[in-house]
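Undergrad: Sequence first, predicted coordinates after that:
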Amino acid sequence: MPRFQAPRRSVTFPRETAPQRSLPTLFGTTVPPGMYRITKHIDFCYGHRLLNYAGKCRHLHGHNAEAVVVLEGGELDDRGMVFDFTDVKRNLARWIDDTLDHRMILCRRDPAVETLRALGEPLFLIDENPTAENIAKIIFEEARNQGLPVIEVSLWETGSSCATYRPDSV
Ligand SMILES: [Zn+2]
C-alpha cells in the first residue's frame, strides 16, 4: 500500500498582500526611444470622504497611500541624471509631507468642512471630489509647478487600487 502523500500545491499570495506597489505604473507604455525615465515613490497618509457616492467611502476614513511620480527626459545632466531623486524628495515629497500628509482632503462643498475646521482639524480643500484620480492630478500639478519634468503621477490608495493622471501633452 503506497504511503500517503499530500498533494503538491503551489503557493499564491492573496491579492491584498501581493507586492503590487513595486510594479511599474505605466501600464502598457514604454520609454520612448532616446528618453530616460525615473520613478519616485512617496508615502503619505490622508483622510477623505467622497460626495455623491453610495458606498463605504462616503464616510470619513483614511488611507496609507503611495504617490508614484514619473519623470522623463531626453538629456542627462552633467551627473548623468534626468533629475536628482534627492531633489524630488527635498521638494515634492516635502510639499506632500507639509500639505497633504495626515490631513483630511475634502471637497470644499462638503458639509463636514465647517465642523472639522471648528475642531481645528487640518484640512486640504479642493474643488473636486477627493478621489484618488483627483489627488493624483493635484500632485502632478504641484510637481509641474516645481519644475520637475513630470509626465505622470499615480496614487496607490490601497495596495490593490491605483489611479493615474497623465495630461494630454507633457
Ligand atoms: Zn478612500
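TA: It's in. Because the structure is a prediction, the values reported are computed rather than measured.

Undergrad: Low-confidence stretches in the protein?
TA: Within the chain, the stretches with pLDDT under 70 are 1-28, 170.

Undergrad: Which parts of it are helices?
TA: 85-88, 94-99, 112-118, 132-145 (DSSP state H).

Undergrad: Format those as CSV; extra columns: distance to R166 and mean neighbour count.
TA: No exception for glycine: its C-beta is placed from N, CA and C like everyone else's. Below are those laid out as CSV (distance: least, C-beta to C-beta, whole Å; neighbours: other C-beta atoms under 10 Å):
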stretch, distance to R166, mean neighbour count
helix 85-88, 18, 15
helix 94-99, 19, 15
helix 112-118, 30, 13
helix 132-145, 8, 20
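
Undergrad: To L50, which of those helices lies closest?
TA: Comparison of the helices of the chain against L50 by C-beta to C-beta identifies helix 132-145 as nearest, at 10.1 Å.

Undergrad: just checking, what packs against that closest one?
TA: strand 61-73, helix 94-99, strand 150-158, strand 161-165 (3 or more C-beta pairs under 8 Å, 6 or more residues apart in numbering; DSSP states H and E).

Undergrad: ok so, going back, between the helices of the chain, which one is nearest to E75?
TA: Short answer: helix 85-88, nearest of those by C-beta to C-beta, at 16.0 Å.

Undergrad: Show me the contact partners of that closest one.
TA: With contacts defined as C-beta atoms under 8 Å, 6 or more residues apart in numbering, helix 85-88 is touched by 38, 40, 69, 71, 148.

Undergrad: In contact with the third one: list those residues for me.
TA: What it means is V69. Per C-beta under 8 Å, 6+ apart, neighbours of V69: 39-42, 88, 92, 139, 143, 148, 150, 152-153.

Undergrad: Serialize the helices of the chain to a markdown table and add fields for distance to G47.
TA: Shown next, in a markdown table, are these (distance: least, C-beta to C-beta, whole Å):
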| stretch | distance to G47 |
| --- | --- |
| helix 85-88 | 25 |
| helix 94-99 | 14 |
| helix 112-118 | 9 |
| helix 132-145 | 12 |
